[in-house]
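Trainee: Below are the sequence and a predicted model for it; my questions follow.
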Amino acid sequence: MLDNVEDPRQVRSLLGQLRSGHVVITTRRRVSWPDGVVRLPLDLLEQDAATELLIRTSERSADPDERLAFAALAAELGYLPLALQQAGAYIREAGIISNQYLKLLADHPLYMYRASPEQDDAQQTIARLWNAHLDLIRSRNQNAEQILRVLACYAPENIPRDIIGGPGVAGGPAILDALRLLASYSLITLGEQTLTMHRLLQAVLVATDDIHSHNATGGPASPQLALAWLAEAWSAAEELPPQQQTSKYQLLGTHAESLTRHYSITFITGEHDWIFPKVALFEYEQGNYHRAEPLARHAVAITLAGWGKEHPDTLTTRNNLALVLQGLGRLQEAEAEHRAVLGIRRRVLGEEHPDTLAGRNNLASALQELGRLQEAEAEHRAVLGIRRRVLGEEHPDTLISRHNLASVLQGLGRLEEAEAEGRAVWQASRQVLGEEHPDTLASRGNLALVLQGLGRLEEAEAEGRAVWQASRQVLGEEHPDTLISRNNLEEIIRERTKRRRIETCSRLGNLDRNAPCACGSGKKHKRCHGKGR
């Protein structure tokens, strides 16, 4: 058996001398081997097998609660056999439980990745093995090492290959040589469009090295370089058709979120800092509020440090954070943030500045969600009055105020007023913005809900169906607005179906009040019983 062979040339002459028998070669290199050598790649363990390895190695009990905890630890270790063995041995020798090991891993990653079991080879640990590979790579290709450290700043999976190196360099021979070398040591896994890096390798790179320092060639630190590549890719995607652009942004958004954990905030605003508020807004508009929150908070911290609390950019990022909190249902926090931003805007910009009016509009929306409808109505009417006078009747911001007012009137049960206002807004939006503009579709969708409330279900279904179909074409099947319009339509259809059943019962009549209705629902509809016609 030949263990841990780094280069096939080291064993070529030896293999040529054999006339019979078998030789087992172990290696971490994915390279070409001599003819006759059969490759048997060993992949990561499956979840159940990884959990079982942890339990057996740690010699712990396997009750249901403990097994769930071990499964969580196995996932955190990425199902890597060596890491699982290392963790299991440590748990056994320290006499701790898996949750304690997870906490140690979070609090002291460098120490835990280096900790070897007693009576074992101290070099056979995750940190030391990967550091040995890094030493070899550094001696062969410093560009490959720098790329690896940049990749450690992104999310571990689905890293786009076309962003590596930046514009004009990505996909070039120098980049491909570096990626080939990294893949040969199993430090990354290459796909046609994306690549994957094991999460433990990322953790080791972050824990064992200062990724915030400048690289060996004097270039920018890894997080700055990672941010630059991502920002350039985001800008390039602006030229793509809408559907392709959305897909690209969704792919890049995950890596922007990961960068918030590595990118230092300084008092000097960086060239590519704009990417954080940009991605936060995209994720918010996609309804990915949990992903949007860390991005929005990072954007606030950057603008606050770089520009101060009264700068327009700081107020914009704080406003967007409040919207994200609102989307997450944390309405008290959202209201507090909206009020804080609005107070500064009123003092610095004045009562009639567009940003001040936008802040009042957002505060009114938060109040509406909190159920404080009278306050929301008063705020919306005040904003609408100023926008009508300053911006004009057909300005998009004026139409938004009218749309929001109609929504509050609906919530207050003043449905006739809500219908009149909603229909007027829809007609104006069609003329100013167009039939398929998202704001036009939103107004039409709200009108459908008002018609439902008025009991005009046939009209409501027709409007709701039109909005859903247009949203599918314009926004896509999975956009939050499309899903909302579909849900609203289904609710209208359910109500229409129920009403038809009741009407059927009324026509057929039913003299026995204890018998189920003739509609077949199995229910006793009170209004359906009585004398038949």
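Mentor: Nice, thanks for sending it over.

Trainee: what ranges do the strands span in the stretch 151-300 of the chain?
Mentor: Using DSSP state E, counting those that start in this stretch, the strands of the stretch 151-300 of the chain run over 159-160, 189-190, 194-196.

Trainee: Please enumerate the helices of the stretch 351-500 of the chain.
Mentor: Using DSSP state H, counting those that start in this stretch, the helices of the stretch 351-500 of the chain run over residues 354-369, 373-390, 396-411, 415-432, 438-453, 457-475, 480-508.

Trainee: and what of the stretch 151-300 of the chain?
Mentor: Counting by DSSP H, counting those that start in this stretch, the stretch 151-300 of the chain has helices at residues 173-184, 199-208, 222-237, 242-259, 275-285, 289-307.

Trainee: which of the ones you listed is buried the deepest?
Mentor: helix 275-285 (a mean of 23; mean count of other CB atoms under 10 Å). For glycine as for every other residue, the C-beta is placed from the backbone atoms N, C-alpha and C.

Trainee: contacts for it?
Mentor: Outside helix 275-285, the residues within contact range by CB atoms under 8 Å, 6 or more residues apart in numbering are 227, 230-231, 234, 249, 252-253, 256-257, 260, 289, 291-292, 295-296, 298-299, 302-303, 316-317, 320, 323-324, 327, 480.

Trainee: List the buried residues of stretch 82-90.
Mentor: Neighbour-count burial for stretch 82-90 flags Ala83, Leu84, Gln85, Gln86, Ala87, Gly88, Ala89, Tyr90 (criterion: 16 or more other CB atoms under 10 Å).

Trainee: out of these, which are inside strands?
Mentor: Judged by DSSP state E, the buried residues of stretch 82-90 include no members of strands.

Trainee: now, which of these sits nearest Ile55?
Mentor: Gly88 (7.8 Å; CB to CB).

Trainee: related to what we said a few turns ago, mind checking which of the helices of the stretch 151-300 of the chain is nearest Ser407?
Mentor: Taking CB to CB, helix 275-285 is the member of the helices of the stretch 151-300 of the chain nearest to Ser407, at 18.8 Å.

Trainee: Can I get the closest one in PDB? Just the C-alpha atoms.
Mentor: Output of helix 275-285 as PDB, limited to C-alpha atoms (Å, rounded to 0.1, in the frame of the first residue of the first chain):
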ATOM      1  CA  ILE A 275     -23.100  46.700  -3.700                       C
ATOM      2  CA  PHE A 276     -24.500  46.000  -0.200                       C
ATOM      3  CA  PRO A 277     -27.500  48.400  -0.300                       C
ATOM      4  CA  LYS A 278     -28.000  47.400  -3.900                       C
ATOM      5  CA  VAL A 279     -28.200  43.700  -3.100                       C
ATOM      6  CA  ALA A 280     -30.200  44.400   0.000                       C
ATOM      7  CA  LEU A 281     -32.900  46.200  -2.000                       C
ATOM      8  CA  PHE A 282     -33.000  43.400  -4.600                       C
ATOM      9  CA  GLU A 283     -33.400  40.700  -1.900                       C
ATOM     10  CA  TYR A 284     -36.100  42.800  -0.300                       C
ATOM     11  CA  GLU A 285     -38.000  43.200  -3.600                       C
END
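
Trainee: Can you check what angle separates that helix from helix 438-453?
Mentor: 30 degrees (axes from the mean of the first three to the mean of the last three CA atoms, to 10 degrees).

Trainee: from the middle of its chain, how far away would helix 275-285 be?
Mentor: Centre-to-centre, helix 275-285 and its host chain are 10 Å apart (CA atoms, centre = their mean, to the nearest Å).

Trainee: rewinding a little: Serialize the strands of the stretch 151-300 of the chain to a markdown table and add fields for mean neighbour count, distance to Leu77 and mean pLDDT.
Mentor: Below are the strands of the stretch 151-300 of the chain laid out as a markdown table (neighbours: other CB atoms under 10 Å; distance: least, CB to CB, whole Å; pLDDT from 0 to 100):
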| stretch | mean neighbour count | distance to Leu77 | mean pLDDT |
| --- | --- | --- | --- |
| strand 159-160 | 21 | 20 | 96 |
| strand 189-190 | 15 | 17 | 90 |
| strand 194-196 | 17 | 16 | 93 |
